[in-house]
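Novice: quick one: sequence plus predicted model below, questions after.
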Amino acid sequence: MFTVYTYSIAGLAIIMFTVLVQNIVAAVAHRKQSSYIPGKVADNLSHDSFVFRSHRTFHNSLENVVQFVIPAILCMFIGVSPFYLAVFIWVYALCRIFHMALYYAVATESNPSPRSYFYMIGLLSNLLLFVYLFISII
């Protein structure tokens with residue numbers, strides 16, 4: 001049943017792997033500090049700190065991944081077009097990767113920052129996925 005969704009499943013696997021990588025990067029960065037409390041980022045850290053940026057990147061993905069992955073899986077269960085679903089998933093996956101890379105590389109407090117554009121494209125992909133899901137249900 002799910003073989004027609006091979007590209008979508010691969011995209012979802014990339015999304016989840018990206019979150020796993022972010023978890024590892026944040027954990028390593030956190031533990032490399034001279035003094036740290038497990039599970040807590042110091043209040044005095046901001047975007048100039050890689051520890052802060054890696055922590056925020058990981059948590060931003062955690063805040064967004066469920067609201068994308070579950071509707072994508074629901075789309076598979078109701079049998080939406082594999083092509084369009086794969087497009088939504090891969091756009092989202094690539095946006096999350098670019099968002100992560102820019103968050104790691106660019107220490108800025110300005111808004112919008114370069115990563116904001118990829119966040120917004122990913123959010124648009126997420127909204128379109130929901131619209132596609134609801135239209136397909138009706």
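Specialist: Ah, there it is. Owing to the predicted nature of the structure, the values given are computational and were not obtained by experimental measurement.
Novice: same question for the lengthiest helix in the chain: list its buried residues.
Specialist: Criterion DSSP state H: the longest helix present in the chain is helix 50-78. Judged by neighbour count using 16 or more other CB atoms under 10 Å, the buried positions of helix 50-78 are 50-58, 60-61, 64-65, 68-69, 71-72, 75-76. For the C-beta atoms, the positions are set from N, CA and C on the backbone; glycine is no exception.
Novice: run the chain-centre distance for it.
Specialist: 5 Å (CA atoms, centre = their mean, to the nearest Å).
Novice: and stretch 75-89, by the same measure?
Specialist: That offset, for stretch 75-89, works out to 18 Å (CA atoms, centre = their mean).
Novice: can you pull the buried residues of it?
Specialist: Going by neighbour count (16+ other CB under 10 Å), the buried part of stretch 75-89 is 75, 76, 80, 82, 85, 86, 87, 88, 89.
Novice: so which residues make contact with that stretch?
Specialist: Stretch 75-89 is contacted from outside by 2, 4-5, 7-8, 11-12, 15, 72, 125, 128-129, 132-133, 136-137, using CB atoms under 8 Å, 6 or more residues apart in numbering.
Novice: kindly check the end-to-end length of it for me.
Specialist: 11 Å (CA to CA, to the nearest Å).
Novice: can I get the CA coordinates of the host helix or strand of residue 134 in PDB?
Specialist: For residue 134, the host element (DSSP states H and E) is helix 114-137. Only the C-alpha atoms of helix 114-137 are listed here, as PDB (Å, rounded to 0.1, in the frame of the first residue of the first chain):
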ATOM      1  CA  PRO A 114      18.100  34.700   6.600                       C
ATOM      2  CA  ARG A 115      16.700  31.600   8.300                       C
ATOM      3  CA  SER A 116      13.300  33.300   8.700                       C
ATOM      4  CA  TYR A 117      12.700  33.000   4.900                       C
ATOM      5  CA  PHE A 118      13.200  29.200   5.000                       C
ATOM      6  CA  TYR A 119      11.100  28.900   8.100                       C
ATOM      7  CA  MET A 120       8.200  30.800   6.300                       C
ATOM      8  CA  ILE A 121       8.500  28.600   3.100                       C
ATOM      9  CA  GLY A 122       8.400  25.500   5.300                       C
ATOM     10  CA  LEU A 123       5.400  26.900   7.200                       C
ATOM     11  CA  LEU A 124       3.700  27.600   3.900                       C
ATOM     12  CA  SER A 125       4.400  24.000   2.800                       C
ATOM     13  CA  ASN A 126       2.900  22.900   6.100                       C
ATOM     14  CA  LEU A 127      -0.300  25.000   5.600                       C
ATOM     15  CA  LEU A 128      -0.700  23.800   2.000                       C
ATOM     16  CA  LEU A 129      -0.300  20.200   3.300                       C
ATOM     17  CA  PHE A 130      -3.200  20.800   5.700                       C
ATOM     18  CA  VAL A 131      -5.300  22.300   3.000                       C
ATOM     19  CA  TYR A 132      -4.600  19.400   0.700                       C
ATOM     20  CA  LEU A 133      -5.500  16.900   3.500                       C
ATOM     21  CA  PHE A 134      -8.800  18.600   4.200                       C
ATOM     22  CA  ILE A 135      -9.700  18.900   0.600                       C
ATOM     23  CA  SER A 136      -8.900  15.300   0.100                       C
ATOM     24  CA  ILE A 137     -11.100  14.300   3.000                       C
END
